[in-house]
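K.L.:
below is the structure, and that's it, no one-letter string:
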């Protein structure tokens, strides 16, 4: 049994974007804070810290989840992916990122990291989702800039490619 | 490579910003490294709408681990002065409550601790004893005699009343065939960004200065307000803004009290202090548009020609009048007649304070409030006269061919052809089909309506408009205010690479891309050759009071300054090249990285070579030319004059036109509104980047949907705040935002060298009232209040319900 | 917006979790997905001295069919149940209701039993459990007991979980042959808590309607098809729940939804039955 006492720091280890990482966290430290402040990976953003806006969404074991509603210690030993892990090994934007740029699916870019992680989870399990399925996934995010039109266009384009159309 | 023979301005280029943002490599305020000595702040906020602070017991909090200091209003009053207020009224505000709290959420004390978690623990341990006082929430109640006073020293909550007359409205009303009157209520909301406020402040004892990093957005007329409050000269308040900002929409102006607060905290603790606002704080206390009650009267001929308007505008700014308030009440003053040729106008502007969060900049900034009243009125008149609303709109539009058009209250509307814009919309937007859809839906018993809205969208504010608030005599005394200065600097490095800095603080508008487009066109380079740095530092970069990104000033302002600075560089390079090419400077062209004689591309030298001369061989420069190449341009348009003695004011430089048309269906059971079709036409002059321009329309449309149907800050009668989470304050998600059909036409502005106009706020102004007109049509009622929540609409269409059966409950 | 301080325990078995519960008593809170609890902790609307994380317990991570029930372990996420093979046949009501629960991202981590334990009056899962007459399995150091949904949820955010006890599973009756099921809700936005949620079951001449979001806990209307006017029954039901006004809706609005959408959802259930 793992037992961590308050007011003491604990070593937390997991795999981040393919590489093992570790850092120190209190029991109560949120995964979002751990990623940003302890590991310095600031691509994951914090928007509401009560699980609604979706800016902090990361993938844990492939699943898109809110890192503000997850403790750092709960991520221990898992495989975590953040926006920093999306581009290819050569640094090139992947198909989803490229489609986002083409369709002006981002303006300030603050919500974008989370949306990319959610869509990545969806496409991994379902390469050719319907518009409604995409809407369900994007519906878990608040974007204040774009009116969502470019986001939907980008995701639909990737879905069409996934369906081999 | 981009083809430099085609001008880059006007092309829908993909954004350079995206290359980092999509990789998670943006650098927002809280992403930047801070000194390891930095402490973290958390704020205790008032649970009362109005109360005296009797005691604040910090003993327990100070004993907690990691706590460095607890700062209260007394400390703040010792180290700073209250903020300057636009009105000569004793509405003293410090960034922490001093002696009294005036709204729920007002900062009461700040804990400074090693980390935010510990700081919040200590906030919970603070013991404050309050003596609750009567509060007032409703603006009309606040304005009435005997209401509890928000600021006793002012002796009233109605802190400003100004009457304006343009033309002869009394005569027009006396002669009118019909007069109409409509009272509308515009709610409190905020187009809140997804990134909250961030401040990192450091007091430097060596020169008694403050160094602050914050996601502030301007206007920099607020900088003197901050430095005055901190009792330092402006040069001793260094304000830096980061490259990336996670949205703002006006909101991040309101970080300025916290810049002062954290600066004071740093001075007290002797350490840098970081504060990252959380969403609860943001919702409760960051910023709201002012709510407005408008009573609008119209004088109308029997044919439907509006001859006069009489506005009574009661605007509620909450507990304090923060700079630059009361902007929303005056920003539209010159253009208060909108798209219409109405010569006679009477305006009564009233400012009231109440026990709610202070109001501030919110995208639209007075436009949504005005047009909700005005376009509901034109719709109402048409209904009462049995006319089609669109016919009434057409009948009253400013005639094509009369631009620049001097509007009754002073705006000089630069260009447009509103009739043509509407014709295109009804044609390409398929009005006939929309009417068929309505008829078919109604035949099936559905509640279906069509709405229209015609609005004029201001771009780049006259820095003198707010002085219309003062009487002509008071303006005379304080000296004229006018203009709107924009600045940009283009620098050419020794090897010929080009960079630009400017006085904007982009928050997603793609300014880096557009600035590169502008500069590359001037210099015959590709956009990717231009390095754009939009970080800003008040100690190093060009700025004046209008600096910032707000009120659509980039396109008519900063973009022009950038073009001018690049043209200055071009002129200088042309003069240098003229010598080498044996051609007069006027005959020099810049193409594909080469500088050459016109019509003779073979007689060329490379851009880098010519630029290099200015650095490596200054002796070779033409006589009298300065060495190095760094050109700063400053631009202020002459059309932005100070208010006239008769209170005429050209409130903005450019005036775009937006015409919206939509069909909606209201569910008779749930009272929810479904937008069936939405068409929006924009004439913003020349578009600098159509891809980015379309993004601005889509974004403002989504926010307009929020205003129309979802978003509202709610208080109960005691001033308790009811919408403190994202489960209560409802921002539209993808399912709530249909894609509108967007149409464009271009009437270039004669007042901006690029011919472009501000265009980012249009649908924030047009969409709420367009949907309200459609819902009014669908339900056969007068929608007079936003948002049209199901609760509110249900009350409008409410019918008697089956009675409670005997024996059922109770 | 950070949670107040707590110890964090991750037991390796239910038995260990139960001994922690008896050790710490009321100071401890069970966390599985944390999609309700973490938000409350962050907002400091809830506090815990000890968090006992059961999210990784394999013995609680299964869905299985036992004795006419679909038994869902306490660590099973809403997404896992939604994607459970054959769910639309095993229990159509769940297949119809679950897409309305929160969002894709919160369903990925939020658990079925966590939602039941949180007992929000407008939540979809407790409504389905009540409408289906499901059960909640509770364990403590002293043993196991099973409560009907009606007995489990006692009111708004209130349940019959005793000190030292935790939910180990929820049991949803599998679909009856020929029965029809339907679900509908009214929410301000897609994914929001329901203003009114309605779950309908039609079988053997009986209609059963569950309503959430109106009273403090899901309310149930049972009605025999041949027993007179449905509208009257719905009206009585709508009034009996004694709904209240809040920022999103009035009590009257809620009654209207129950009467009109209630009829519609019952008709849909009937049309699905045979």
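P.N.:
Here it is on my side, so go on. This structure is a prediction, so every number in the text was calculated from the model and none was measured.

K.L.:
the residue of chain C positioned farthest from its centre: what secondary structure?
P.N.:
Most distant from the centre of chain C: residue C:228, at 30.9 Å, with distances by CA atoms, centre = their mean. Three-state call for residue C:228 (DSSP: H, G, I helix; E, B strand; the rest coil): coil.

K.L.:
and what of residue B:759?
P.N.:
At residue B:759 the chain is in coil, as set by three-state DSSP.

K.L.:
could you find the closest non-adjacent residue to it?
P.N.:
Distances taken as CB to CB, 6 or more residues apart in numbering or on different chains place residue B:684 nearest to residue B:759, at 3.4 Å, with adjacent residues excluded. All C-beta atoms are positioned from the backbone trio N, CA, C, and that covers glycine.

K.L.:
next, that neighbour: phi, psi?
P.N.:
Main-chain dihedrals, residue B:684, degrees, to the nearest 10: phi -120, psi 30.

K.L.:
tell me the contacts of whatever residue of the stretch 1-150 of chain C ends up closest to chain A?
P.N.:
Across the stretch 1-150 of chain C, the shortest distance to chain A (CB to the nearest CB) belongs to residue C:103, at 3.1 Å. Contact analysis of residue C:103 by CB atoms under 8 Å, 6 or more residues apart in numbering or on different chains lists A:54, A:136, A:139, A:140, C:191.

K.L.:
report the two of the residues you listed separated the most.
P.N.:
A:54 and A:136 (12.7 Å; CB to CB).

K.L.:
higher neighbour count, these two?
P.N.:
residue A:54 (32 against 21; other CB atoms under 10 Å in any protein chain shown).

K.L.:
quickly find the element holding residue B:382.
P.N.:
Secondary-structure element containing residue B:382, defined by DSSP states H and E: helix B:367-385.

K.L.:
just to revisit the earlier point, lowest-confidence one in the contacts of residue C:103?
P.N.:
pLDDT across the contacts of residue C:103 is lowest for residue C:191, at 86.

K.L.:
in terms of helix, strand or coil, where does that one fall?
P.N.:
coil.

K.L.:
do the same with residue B:697
P.N.:
Secondary structure, three-state DSSP: residue B:697 is helix.

K.L.:
grab the nearest non-local neighbour of residue 29.
P.N.:
If you meant another chain, say so; for now it's chain A. Going by CB to CB, 6+ apart, residue A:29 has residue A:72 as its nearest residue, at 4.7 Å.

K.L.:
hmm, no, I was thinking of chain B.
P.N.:
residue B:198 (3.6 Å).

K.L.:
try residue C:139
P.N.:
Closest to residue C:139 by CB to CB, 6+ apart is residue C:168, at 4.9 Å.

K.L.:
which neighbouring elements make contact with the helix or strand harbouring residue B:53?
P.N.:
Residue B:53 belongs to strand B:51-57 when assigned by DSSP H and E. Secondary-structure packing of strand B:51-57 (3 or more CB pairs under 8 Å, 6 or more residues apart in numbering or on different chains; DSSP states H and E): strand B:100-101, strand B:107-113, strand B:127-132.

K.L.:
so which of the ones you listed is nearest chain A?
P.N.:
Nearest of the helices and strands packed on strand B:51-57 (CB to the nearest CB): strand B:107-113, 13.5 Å.

K.L.:
and the next helix or strand past the helix or strand of chain B with the lowest mean pLDDT?
P.N.:
Ranked by mean pLDDT, DSSP states H and E, the helix or strand of chain B with the weakest confidence is strand B:600-606, at a mean of 91. Next along the chain after strand B:600-606, taking DSSP H and E as the criterion, comes helix B:607-616.

K.L.:
contacts with chain B among the contacts of residue C:103, please.
P.N.:
Counting by CB under 8 Å from any CB of the partner chain, A:139, A:140, C:191 from the contacts of residue C:103 sit close to chain B.

K.L.:
can I get these in a markdown table including neighbour count?
P.N.:
A markdown table is the format used below for the ones next to chain B among the contacts of residue C:103 (neighbours: other CB atoms under 10 Å in any protein chain shown):
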| residue | neighbour count |
| --- | --- |
| A:139 | 21 |
| A:140 | 27 |
| C:191 | 21 |
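
K.L.:
coming back round to it: quick one: buried residues of the helix holding residue B:382?
P.N.:
B:367-383, B:385 (16 or more other CB atoms under 10 Å in any protein chain shown).
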